[in-house]
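*Asks:* Everything below, folded, please.
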Amino acid sequence: MVKDDFLERVINVLQKHEKFEYIDFEININDGVLKIIYLIEPKFHILFNDKNHFKTREEGESYDIFGEACPGKFSFKDTFLLIDKNEVYIKIHDWLDSIWKEISTESPLSLLVEEQKNVEQICEKFDHIEGYFTTDELLKIDRKLDELKEEFGMEIKNMVRDPKLLEVELTKLNNDFETLKQTAPYLKRKGWIKSFTGRVLHNLSRLLKLQQKSILNSFSEEK
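*Replies:* Numbers count the residues shown, from 1 in each chain. Sure, this is the predicted structure:
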């Protein structure tokens, strides 16, 4: 049977994490298996299986605690092996950090996959466009890119308070749009449109992430 002091320490880890409340979680213990579920998003869970029922390891004694965590530290689901009860508390804290990272900002991998899907769908509509841009078209492209860059820049300035981070984000934005201007005369229409669409979607994703961070930071300031 699992001792009460072990369960109390598990609960204590949940209570002390600054991003969550204890009531956000369901704890189940049955026959040496501990499972904690994040009730807001039940697919997020952590599980420990210990045939020794999480007793304190005696000197010279060895036993294994098998487990899995979703989300994991390095992938969406990690499996792991622990050799001491005290490692359970550390693993739970790491799992909580992984949940917060997952729900507070979209993972770069998922954003990249979504962007690529959107780019491919949009570019399919321009498969029939061939040839290079005319001089008049290039002048219009320059004007439109300046207008779009200004709109993105205003959004970034409204969301980023840190001067150094603001400078970094605006530099990224400027580099993207300068690249689009410089390549427009040399790329065929279809190729340039694909580059343009990808860069615009990438900047939109960055804006969404900055907006999420801005909202989360405002909540932190209120506490």
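*Asks:* ok, then the element right after the lowest-mean-pLDDT helix or strand in the chain?
*Replies:* Using mean pLDDT, DSSP states H and E, the weakest-scoring helix or strand in the chain turns out to be helix 108-123, at a mean of 56. Beyond helix 108-123 on the C-terminal side, the first helix or strand identified by DSSP states H and E is helix 135-159.
*Asks:* quick one: low-confidence ranges for the protein?
*Replies:* The chain contains residues with pLDDT under 70 at 1-4, 53, 56-62, 74, 104-128, 211-223.
*Asks:* At which residues are the strands of it located?
*Replies:* Counting by DSSP state E, the chain has strands at residues 25-30, 33-38, 45-49, 65-70, 78-82.
*Asks:* Out of those, which is closest to Leu166?
*Replies:* strand 33-38 (33.7 Å; C-beta to C-beta). Yep, even glycine has a C-beta here, placed from its N, CA and C like the rest.
*Asks:* partners of the closest one in the sheet?
*Replies:* Strand 33-38 has its sheet partners listed here by DSSP bridges as strand 25-30 (antiparallel), strand 45-49 (antiparallel).
*Asks:* right, and those - which one's nearest Glu102?
*Replies:* Evaluated over these, closeness to Glu102 peaks at strand 45-49, with 12.7 Å, by C-beta to C-beta.
*Asks:* first to last residue in stretch 73-81, what's the distance?
*Replies:* 14 Å (C-alpha to C-alpha, to the nearest Å).
*Asks:* how far does it sit from the chain's center?
*Replies:* 16 Å (C-alpha atoms, centre = their mean, to the nearest Å).
*Asks:* ditto for stretch 27-46
*Replies:* With C-alpha atoms, centre = their mean, you get 22 Å for stretch 27-46.
*Asks:* Also stretch 158-176?
*Replies:* Averaging C-alpha positions (C-alpha atoms, centre = their mean) puts stretch 158-176 19 Å from its chain's average.
*Asks:* coming back round to it: buried deepest among the strands paired with strand 33-38, which one?
*Replies:* Of those, the one with the most neighbours on average (mean count of other C-beta atoms under 10 Å) is strand 45-49, at a mean of 20.
*Asks:* would you put the C-alpha positions of that one in CSV?
*Replies:* The C-alpha trace of strand 45-49 is given here as CSV (Å, rounded to 0.1, in the frame of the first residue of the first chain):
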residue,chain,number,x,y,z
HIS,A,45,-1.1,12.6,-18.1
ILE,A,46,1.8,11.1,-16.2
LEU,A,47,1.9,7.6,-15.0
PHE,A,48,4.3,5.7,-12.6
ASN,A,49,4.3,1.9,-12.1
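*Asks:* Sounds good, over and out.
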